[in-house]
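S.K.: Provided below for reference: sequence and predicted model.
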Amino acid sequence: MMGVLQMASLGERLREELTGTLFTDQKPLHPNRIRIMSTDFPRTIQSVQALLTGLFEGAQLDAPAIEIDVRRTNEYLIPDPQPRQFPTQLVLESHLAKRPHLVEKEKELTELAHKVTDALQDQLGEGAKG
């Protein structure tokens, strides 16, 4: 449920930030100006629905529905990273993991990660410490 609330909140922030720039009085934010494509994973679709709920808060009940196109999208959108069966996912993760803010966050959380691993040692399987 937390993820749904976070995505709805993100939609609200996007609406606030884009109003006056991308969406104006002459070109208002309207569902018929939006095209959504998604992988066909239920969790992803639910996230998109929550984001749209925040983006179009207070939309009229008679407003046109926004279709979420999932046709053949798994062929060119990065699929669910579990179990990471696609080489493009590994390449993307490797590239993103080298970004400075993520490297810094990794250093910041290393001690906590070790403490949690040690505390859960009895429940973890072989090789949990890497």
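M.R.: Arrived safely.
S.K.: Only C-alpha atoms from now on, for both contacts and neighbour counts.
M.R.: OK.
S.K.: pLDDT weak spots in this structure?
M.R.: Counting by pLDDT under 70, the chain has low-confidence residues at 1, 58-64, 74, 76, 78-86, 123-130.
S.K.: show me where it has helices.
M.R.: Using DSSP state H, the helices assigned to the chain run over residues 2-18, 42-55, 87-97, 100-119.
S.K.: Check which residues of the second one are buried.
M.R.: Looking back up the chat, that one is helix 42-55. By 16 or more other CA atoms under 10 Å, the buried positions in helix 42-55 come out as 45, 47, 48, 49, 50, 51, 52, 53, 54, 55.
S.K.: Which of the residues you listed sits closest to residue 16?
M.R.: When the buried residues of helix 42-55 are ranked by distance to residue 16 (CA to CA), residue 55 comes first, at 8.6 Å.
S.K.: Residue 120 versus that closest one, what's the distance?
M.R.: For residue 55, the distance to residue 120 equals 40 Å [CA to CA, to the nearest Å].
S.K.: Also residue 109?
M.R.: Counting by CA to CA - residue 109 and residue 120 are separated by 17 Å.
S.K.: Against residue 53, how distant is residue 13?
M.R.: Summarising the geometry, the distance separating residue 13 from residue 53, computed by CA to CA, is 12 Å.
S.K.: Same question for residue 122.
M.R.: Noted for residue 122: a distance of 43 Å to residue 53, by CA to CA.
S.K.: And for residue 30?
M.R.: Here the criterion is CA to CA. By it, residue 30 lies 13 Å from residue 53.
S.K.: How about residue 75?
M.R.: Residue 75 sits 27 Å away from residue 53 when distances are taken as CA to CA.
S.K.: likewise residue 6?
M.R.: With CA to CA as the criterion, residue 6 and residue 53 are 11 Å apart.
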